[in-house]
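Visitor: Turn this into a structure:
(one chain, ligands or ions: 2)
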Amino acid sequence: MIILFCGDVVGRSGRDAVKQHVPMLRREFEIDLVVVNAENAAGGFGLTERLCGELYDAGVDILTTGNHVWDQRQIIPYIDRDPCLLRPANFPKATPGAGSRVHRVGGRSVLIINLMGRLFMDALDDPFARLDDLLVDHRLGEDVAAIVVDFHAEASSEKMALGHFADGRVSAVFGTHCHVPTADAQILPGGTAYQTDAGMCGDYDSVIGMHKEPATRRFVTKMPGERPQPAEGEGTLCGILLETDDLSGLARAVEPVRIGGRLARHLPRH
Ligand SMILES: [Fe+2]
Ligand SMILES: [Fe+2]
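Guide: Ligands and ions are numbered 1, 2, ... in the order given. From the prediction side, this is the model:
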């Protein structure tokens, strides 16, 4: 199975990058499933029902999120009506929405899991224990054909640790939240694809997607300043292309995707 996973969509530039490039990538690489983290799609803060629809129309199948999921309050009543929109699975038990989904892809089942880290982030339930719980009923290559984990976390150490913790039991662990792609795409010894951060879909002439002047001034002056706005130059789509083995569910190939905007272009070999 061929899966495209894209990092945090930031504002209009990020949405436009998805709309512009995902349909072409789907065709070109015969992609079966597209998973996109959309926690910053609405002006950098959260997402709305309308923007979810726009991303689905562009060819996205599953939306994941993270710490910004509730920034637009309208998403709270909406999330239970949209089974393809996930929030971290280790949020408190009574939280609206779901943290994982078994998605049907051409007769096969794929489990997508959204988790959030705890290092330098808000206190949450243990993501390692939650992952263990979820994997009890979803054995890779038996119950589901592939398992993709979006680990939305700040610390590279926590992300790497979760990658090794899950190695051999899921198809891929891909990090989000840092808004910068890391150069460590690899298949771990047990067969799980891993990249510490997928990077953002957004304008890289910015500070993690937001206008660079006010964001820089805040560091210089240590004053709060105005509400941050997304940078509006051409966005780069940052993602990861994953090929899984249809029998074992483990990774056969993993390679970064960077297209459009300022970052050096990288497209996987066919
Ligand atoms: Fe983000
Ligand atoms: Fe985040």
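Visitor: I'd say Glu255 and Ile240 touch.
Guide: Yes - shown here, Glu255 and Ile240 form a contact pair, counting by Cβ atoms under 8 Å, at 7.2 Å. To be clear about C-beta, it is placed using only N, CA and C from the backbone, and glycine gets the same treatment.
Visitor: Give me the common contacts of the two.
Guide: Ala185 (Cβ atoms under 8 Å, 6 or more residues apart in numbering).
Visitor: ok, these two, which is more surrounded?
Guide: For Glu255 versus Ile240, the count of surrounding residues by other Cβ atoms under 10 Å is larger for Ile240: 27 against 16.
Visitor: So that one, which state does it fall into?
Guide: Secondary structure, DSSP: H, G, I helix; E, B strand; the rest coil: Ile240 is strand.
Visitor: List the contacts of the nearest residue to it once chain neighbours are set aside.
Guide: Distances taken as Cβ to Cβ, 6 or more residues apart in numbering place Phe5 nearest to Ile240, at 4.9 Å, with adjacent residues excluded. Listed by Cβ under 8 Å, 6+ apart, the contact set of Phe5 reads 34-36, 148, 150, 172, 174, 198, 239-240, 242.
Visitor: Mind putting these into JSON lines with pLDDT, secondary structure and distance to Gly233?
Guide: Below are the contacts of Phe5 laid out as JSON lines (pLDDT from 0 to 100; DSSP: H, G, I helix; E, B strand; the rest coil; distance: Cβ to Cβ, whole Å):
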{"residue": "Val34", "pLDDT": "98", "secondary structure": "strand", "distance to Gly233": "24"}
{"residue": "Val35", "pLDDT": "99", "secondary structure": "strand", "distance to Gly233": "25"}
{"residue": "Val36", "pLDDT": "99", "secondary structure": "strand", "distance to Gly233": "20"}
{"residue": "Val148", "pLDDT": "99", "secondary structure": "strand", "distance to Gly233": "30"}
{"residue": "Asp150", "pLDDT": "99", "secondary structure": "strand", "distance to Gly233": "26"}
{"residue": "Ala172", "pLDDT": "99", "secondary structure": "strand", "distance to Gly233": "30"}
{"residue": "Phe174", "pLDDT": "99", "secondary structure": "strand", "distance to Gly233": "25"}
{"residue": "Ala198", "pLDDT": "98", "secondary structure": "strand", "distance to Gly233": "20"}
{"residue": "Gly239", "pLDDT": "98", "secondary structure": "strand", "distance to Gly233": "19"}
{"residue": "Ile240", "pLDDT": "98", "secondary structure": "strand", "distance to Gly233": "23"}
{"residue": "Leu242", "pLDDT": "98", "secondary structure": "strand", "distance to Gly233": "28"}
